[in-house]
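Student: Predicted model follows, preceded by the sequence.
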Amino acid sequence: MKVRTSPPAKLNLFLEIPAKREDGFHEIDTVMTAIDLCDELSVESIEEPVVELSAHWLPSLETIASELAIDPQSAEAKQLLAIPEDGRNLVVAALQAFRKRFQIESGFRVELGKRIPAGAGMGGASSDAAHAISCAAQIHQFSSDHDGLHEIAASIGSDVPFFLPLPPVSQIASASTNGETTRRPRACHASGRGEILQPVDMRTDLFFVVGYPPASLATKDVYGRLRVPAEPISSKGFLASLRANSLEDLTSLMINRLSEPALEIRPELSELLESLWKSGLQPCQLTGSGSACFGIARDAEFAQTALKQLRANQSVPALWRATRSVAAAATIEIDPS
Ligand SMILES: C[C@@](CO)(OP(=O)(O)O)[C@H](O)COP(=O)(O)OP(=O)(O)OC[C@H]1O[C@@H](n2ccc(N)nc2=O)[C@H](O)[C@@H]1O
Ligand SMILES: Nc1ncnc2c1ncn2[C@@H]1O[C@H](COP(=O)(O)OP(=O)(O)O)[C@@H](O)[C@H]1O
């Protein structure tokens, strides 16, 4: 059986780090939403007891490199745009962990099309891994073992559980005008290492423009330079504004505690942030541990207007994308081929 899905990226709308943990990780208090900037993943069951992965950039490495104004043949491009196809890829690690947990002899063949930049703070690898777990669960009929799948995901990375489907009991549904229940777009509050999740019901979609500069940031390095605040800020006020969809309040309540260490490592990110603010988007901030930054647009049309202006500014080369909030767990389709 072969299945396919489109793992989405994520943005951290709020990120506070209240404490350092005994295990070397940090407690986090974050609100994330997935966005419609997606990779493409297909997973097929094979007899051989191996996980084979082939990965490529969409539409092509050359197109991505030229948007970043770097030579696709350069060492810089190779470092920035290299996609591991062995056990370093979280998709391979996740499927091996799945085979071990459920004692599955057979293997998987995986094709991965990348649109989500890496080292961006956009959860690309984590989303791919979570969706690979969901695909494997669909193939081997373990989709109802939410706890088991969540455990595998949490063992792969702190952000991976966010991209799994929520257990049915916690899914948010609300009557729409025609009386049917519909799933509203949702954000998620995450705490612990990032594995304790609580859905957040947003009244409407949010619209963003995201910029990824030709420079990645390693999550470990950014956390390594963080100074935990003496008086952490709670996400409670931010969550209340998000639920009430009062965009103007979000501007004063949005924070990302990892911005300071990220900007110490990559000072050039301040130029990217400045160009986002100048385009009229607000608020604007780094996502996760960076290096991508985003700004909130009041609606889809304004996002397109800001996108055109940002792309025209050749002095700040970046992958610029206009996106909107979507559900974090993408639909899995059976591939008839
Ligand atoms: C910063 C955040 C915010 O959502 O996302 P990204 O910027 O990576 O997208 C997450 O906390 C990243 O989650 P994830 O990228 O899965 O981190 P992991 O692979 O689990 O850990 C990578 C390294 O980051 C640090 N780390 C990660 C999570 C956490 N709660 N505390 C930490 O100190 C540790 O040094 C760890 O070795
Ligand atoms: N599926 C994947 N896609 C892209 N990079 C991956 C993947 N799996 C592992 N990696 C490696 O992990 C690094 C971080 O990828 P990233 O998408 O930033 O992860 P995160 O989910 O932590 O945001 C990449 O630079 C790459 O070397």
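Tutor: Okay, I see it. Ligands and ions are numbered 1, 2, ... in the order given.

Student: give me phi/psi at Val274?
Tutor: One thing to correct before we go on: residue 274 is Glu, not Val. Backbone torsions for Glu274, taken as degrees, to the nearest 10, come to phi -60, psi -40.

Student: Need the pLDDT of it.
Tutor: Glu274 is assigned 97 on the pLDDT scale.

Student: ok, now Thr182?
Tutor: 43.

Student: what does Leu247 give?
Tutor: So, for Leu247, pLDDT stands at 77.

Student: isn't it right next to Arg298, touching?
Tutor: Yes - using CB atoms under 8 Å, Leu247 is in contact with Arg298, at 6.6 Å. (Each C-beta comes from the backbone N, C-alpha and C, glycine too.)

Student: what do those two both touch?
Tutor: Common contact partners of Leu247 and Arg298 (CB atoms under 8 Å, 6 or more residues apart in numbering): none.

Student: I'd like the distance between Asn256 and Ser54.
Tutor: Distance, Asn256 to Ser54, by CB to CB, to the nearest Å: 34 Å.

Student: okay, these two: which has more neighbours?
Tutor: For the pair Asn256 and Ser54, the greater number of neighbours falls to Asn256 (23 against 11), based on other CB atoms under 10 Å.

Student: What sits closest to the more buried one if chain neighbours are left out?
Tutor: Leu15 (4.5 Å; CB to CB, 6 or more residues apart in numbering).

Student: Ramachandran coordinates for that neighbour?
Tutor: Backbone torsions of Leu15, given as degrees, to the nearest 10, read phi -150, psi 110.

Student: and it, how many residues sit next to it?
Tutor: Neighbours of Leu15 (other CB under 10 Å): 25.

Student: Equivalent analysis for Asn245, please.
Tutor: Close neighbours of Asn245, defined as other CB under 10 Å, add up to 13.

Student: ok, and the closest non-adjacent residue to it?
Tutor: Spatial nearest neighbour of Asn245, excluding adjacent residues (CB to CB, 6+ apart): Arg203 at 4.1 Å.

Student: My guess is the one you found contacts Ser241. True?
Tutor: No - between Arg203 and Ser241 there is no contact under CB under 8 Å: 11.1 Å.

Student: wouldn't Ile139 be in contact with Ser42 here?
Tutor: No - with contact defined as CB under 8 Å, Ile139 does not reach Ser42; the gap is 11.3 Å.

Student: which residues do these two both contact?
Tutor: Taking CB under 8 Å, 6+ apart as the criterion, Ile139 and Ser42 both touch Val3.

Student: Looking at the two now, which is surrounded by more residues?
Tutor: Set Ile139 next to Ser42 and count neighbours by other CB under 10 Å: Ile139 wins out with 21 against 17.

Student: Which other helices and strands does the host helix or strand of that one contact?
Tutor: Assessed by DSSP states H and E, Ile139 sits inside helix 124-140. Where contact means 3 or more CB pairs under 8 Å, 6 or more residues apart in numbering; DSSP states H and E, helix 124-140 is packed against strand 2-5, strand 8-20, strand 40-46, helix 90-101, strand 107-114, helix 146-156.

Student: Dump those into CSV; add distance to Pro317 and mean pLDDT as well.
Tutor: Output for these, formatted as CSV (distance: least, CB to CB, whole Å; pLDDT from 0 to 100):
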stretch, distance to Pro317, mean pLDDT
strand 2-5, 31, 97
strand 8-20, 20, 98
strand 40-46, 25, 98
helix 90-101, 28, 98
strand 107-114, 19, 98
helix 146-156, 32, 97
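
Student: any idea which of those is most buried?
Tutor: Counting by mean count of other CB atoms under 10 Å, strand 8-20 has the highest mean neighbour count of the helices and strands packed on helix 124-140, with a mean of 23.

Student: Is whichever helix or strand comes after that one positioned near ligand 2?
Tutor: The element immediately downstream of strand 8-20 (helix or strand, assigned by DSSP H and E) is strand 26-38. No - Strand 26-38 does not reach ligand 2 (CB under 6 Å from any ligand atom); its nearest approach is 11.2 Å.

Student: Next one: strand 26-38, is it in contact with ligand 1?
Tutor: Yes - using CB under 6 Å from any ligand atom, strand 26-38 reaches ligand 1 at 26, 28, 30.

Student: Understood, closing this out.
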